[in-house]
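*Asks:* A structural model of the following input is requested.
(2 chains, ligands or ions: 2)
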Amino acid sequence: MIRLEKINRSFQVGDETVHALRDLDLELKSGEYVSIMGPSGSGKSTLLNILGLLDRPDSGRYHLDEIDTTTLSELERADARCNKIGFVFQAFHLVPRLTAADNVELPLVLAGVAPPERKQRVHEALEPLGLLDRAGHRPDQLSGGQRQRTAIARATIMQPTILLADEPTGNLDKASGEDVIHTLEKLNNQGITLLIVTHDPEIGGRAPRRIRMVDGAITEDTRT
Amino acid sequence: MLMEDTLRFGSQALVGAKKRTWLMVLAMAIGVGSVVILTALGEGARNYISREFSNLGTNLVIVIPGRTETTGEAPPMVGATPDDLTLDDAIALTRSSAVRLVAPIIVGSVPVSYQQLEREITILGSTADLLPVRNLSLAKGKFLPAGDPTRGAAVAVIGSKLKKELFANKQALGQWIRINDRRFRVIGILDPMGESLGLDVGDIAVIPIATAESLFNTSSLFRILIQANGRSAITKAQKAVKAIIKERHNGEEDVTVITQQALLYTFDGIFKTLTYTVSGIAAISLAVAGILIMNVMLVAVSQRTEEIGLLKALGGSERQILSLFLVEASLLSLAGAVFGMLIALGGVWALDQAFPSFPLTVPLWSIAAAILVSISTGLLFCTLPAKRAARLDPVHALSGR
Ligand SMILES: Nc1ncnc2c1ncn2[C@@H]1O[C@H](COP(=O)(O)OP(=O)(O)O)[C@@H](O)[C@H]1O
Ligand SMILES: [Mg+2]
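*Replies:* Numbers count the residues shown, from 1 in each chain, chains lettered A, B, ... in the order given. Ligands and ions are numbered 1, 2, ... in the order given. Sure, this is the predicted structure:
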């Protein structure tokens, strides 16, 4: 359901051109659980951003559900981000002035879902993550683990087919990190395609398919 | 995205950044407030002038001796000593059918006394017609008797202020006062009407014109006030007056005839221009406020790039981000307009308390214009930052690079 062909992405830093991704090919099947590891600066985030339609490749093709995303208009890309893709960031990226429930509700608001249905779906999203009693709290009143679980609830509220997590445990202690990974795995068990970028070999090792990146290219792709 | 959600999101964002919001609302409010206050002042000045003029009398035509050049024609070089304007000239003017009433006026300033009290005041010598022509009214008694203006009795009608000063609370009607050592009987007291074009009607005494001629030992009139036979007869009256005087003064048109309307139009025009100029200046201040808002908004956008990136990552489109920021801008401008209006109304109220005789009114169009201008400035100056925000690349916005 996801196919990358000869993806290139480079950045201009001063006079230098940094090749973050070089001719990268990748295929992901629906419902897969994949971890991506590799040294810092190897292009993992860039790859995830392109997969999440947050960034465009300089060249190459990216097929998502048999659609060539490079041909989509800005509005169609926004629509795809809204309905097909969930993104979990290392830095949570919760809106500080909004409560946990309001943060989770945001994608529904952007999609124009009617308020009564929104309340229902937010409730259903918060409950399994054990966040119901924290629904009215603002991000600064939540622990790191709670914040990341709120972000996960937000990423999945639109029931996307693919969930992209860029170092989701990077800002968390071990216990809450494991908590977050369990939450993500549970979602994968329910059928979502899961991609986790991580530095932690222990976490990376849990995935049935493990990709290693070095210098903008995939060097290992192992399955168990 | 639903409109109510856009509104809610915008207002939450405004409430979330109180300092910035207040700063922008204040800038807008000052702009709007100054527009409204300045237009109110301009309009007030205009109203003040037209009120002064309408106090003067209706369909008024004023004849002034001597030729005051206001038309740009060269003044006559020879034979320029004008003939005096006399009572006979005034009587002759009644011949014209366009002229309804004629009130010749002689003015002098002499001491007036009653018992031990003495005051120096303005004496008007005139006829019974002065009352209707000059729009005066009586508080008590009668005005000058009608009849042959060339025969003057020793009677006087006095202003209310003069009455108070000479008689205090005592009866004034029927009493004898001295004007320049001649005895006059008080037959009437004028209604206090305040000041109108520099003449305080409370502080005058009116005596028959023939009496005034002998009192001041002159036959030359200060002015002739004419009431035209209706609004449409004003120009005709003006022409007739010129023709009659010319005929009587050996072909010399040595008077200036002005109409109240012409004066009023001139002043009205001046004050309209003034109001517009002043509102123009105020509009500039609003534009300055707009630029300030734009800068603050640009800062707001850069402070909130992360949020914008996030909204885009969550599926927000360029258009949604744009409308979120524009709604925020409209809410700001609206709040600014409301606060500005409060400032303006407060300011106008305070000015009104301080200068009660100055008729300050806030014209409705200025309120509408101020709100319209503030919202359009807000939108105009926020479009650029909002567009910038909407175009931001989600990754770059999120990473803050
Ligand atoms: N927006 C950008 N501008 C300039 N250089 C960038 C940008 N994004 C990524 N890079 C560069 O691209 C390379 C890959 O970055 P990234 O994908 O973030 O690596 P990783 O997530 O594996 O640490 C790095 O050298 C990084 O400096
Ligand atoms: Mg990274």
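*Asks:* every contact and neighbour count from this point should use C-alpha atoms.
*Replies:* Fine.
*Asks:* in contact with the spatially most central residue of chain A, which residues?
*Replies:* Residue closest to the average C-alpha location in chain A (Cα atoms, centre = their mean): A:Leu164, at 2.1 Å. Applying Cα atoms under 8 Å, 6 or more residues apart in numbering or on different chains, we find A:Leu164 in contact with A:48, A:52, A:85-88, A:194-196.
*Asks:* ok, which stretches of chain A are helices?
*Replies:* A:44-51, A:74-83, A:100-111, A:115-126, A:144-156, A:174-189, A:201-204 (DSSP state H).
*Asks:* which one is B:Pro65 nearest to, not counting chain neighbours?
*Replies:* B:Val255 (4.6 Å; Cα to Cα, 6 or more residues apart in numbering or on different chains).
*Asks:* get me the contact residues on chain B for ligand 1.
*Replies:* B:His396 (Cα under 6 Å from any ligand atom).
*Asks:* show me what counts as buried in the longest strand that chain B contains.
*Replies:* Counting by DSSP state E, the longest strand found in chain B is strand B:99-114. Neighbour counts using 16 or more other Cα atoms under 10 Å in any protein chain shown place B:99-107, B:110, B:112-114 of strand B:99-114 among the buried residues.
*Asks:* okay, the residue nearest to B:Pro65: pLDDT?
*Replies:* According to the prediction, B:Val255 has pLDDT 87.
*Asks:* how about the one 3 residues further on?
*Replies:* Reading off the confidence values, B:Ile258 has pLDDT 87.
*Asks:* quick one, phi psi at it?
*Replies:* When read as degrees, to the nearest 10, the backbone of B:Ile258 gives phi -120, psi 150.
*Asks:* quick one, what contacts it?
*Replies:* B:61-63, B:238.
*Asks:* so which of the residues you listed are also by chain A?
*Replies:* Near chain A, judged by Cα under 8 Å from any Cα of the partner chain, there are no entries from these.
*Asks:* mind checking the pLDDT average for stretch A:19-36?
*Replies:* pLDDT averaged over stretch A:19-36 gives 96.
*Asks:* typo on my end, it should be stretch B:218-230
*Replies:* Mean predicted confidence for stretch B:218-230 is 90.
*Asks:* hmm, who's touching it?
*Replies:* With Cα under 8 Å, 6+ apart as the criterion, stretch B:218-230 contacts B:58-65, B:84-87, B:90, B:97-107, B:130, B:133-134, B:213, B:234, B:237.
*Asks:* model confidence score at residue 151, please.
*Replies:* You didn't pick a chain, so chain A it is. 96.
*Asks:* wrong one, I was asking about chain B
*Replies:* pLDDT, B:Arg151: 87.
*Asks:* return the residues in contact with it.
*Replies:* Counting by Cα under 8 Å, 6+ apart, B:Arg151 has contacts B:210-211.
*Asks:* can we see that at 6 Å?
*Replies:* Residues near B:Arg151 by Cα atoms under 6 Å, 6 or more residues apart in numbering or on different chains: B:Ala210.
*Asks:* okay, and B:Pro132 sits in which element?
*Replies:* Here B:Pro132 sits within helix B:130-133, counting by DSSP states H and E.
*Asks:* adjacent strands (with direction) for the helix or strand following that helix?
*Replies:* Using DSSP H and E, the helix or strand that follows helix B:130-133 towards the C-terminus is strand B:138-141. Applying DSSP bridges to the sheet, strand B:138-141 is found paired with strand B:182-190 (antiparallel).
*Asks:* what residues does the partner strand touch?
*Replies:* B:138-143, B:154-160, B:173-177.
*Asks:* do stretch A:94-107 as well
*Replies:* With Cα under 6 Å, 6+ apart, stretch A:94-107 has contacts from A:135-139, A:154, B:314.
*Asks:* how about that stretch as PDB, C-alpha atoms only?
*Replies:* The C-alpha coordinates for stretch A:94-107 follow below in PDB (Å, rounded to 0.1, in the frame of the first residue of the first chain):
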ATOM      1  CA  LEU A  94       0.400  19.600  21.600                       C
ATOM      2  CA  VAL A  95      -1.200  23.100  21.500                       C
ATOM      3  CA  PRO A  96      -0.400  24.400  25.000                       C
ATOM      4  CA  ARG A  97      -3.600  26.500  25.500                       C
ATOM      5  CA  LEU A  98      -5.900  23.600  24.700                       C
ATOM      6  CA  THR A  99      -6.900  20.800  27.000                       C
ATOM      7  CA  ALA A 100      -6.000  17.200  26.200                       C
ATOM      8  CA  ALA A 101      -9.500  16.600  24.900                       C
ATOM      9  CA  ASP A 102      -9.400  19.700  22.700                       C
ATOM     10  CA  ASN A 103      -6.000  18.700  21.300                       C
ATOM     11  CA  VAL A 104      -7.400  15.300  20.500                       C
ATOM     12  CA  GLU A 105     -10.400  16.900  18.900                       C
ATOM     13  CA  LEU A 106      -8.400  19.100  16.600                       C
ATOM     14  CA  PRO A 107      -8.300  16.900  13.500                       C
END
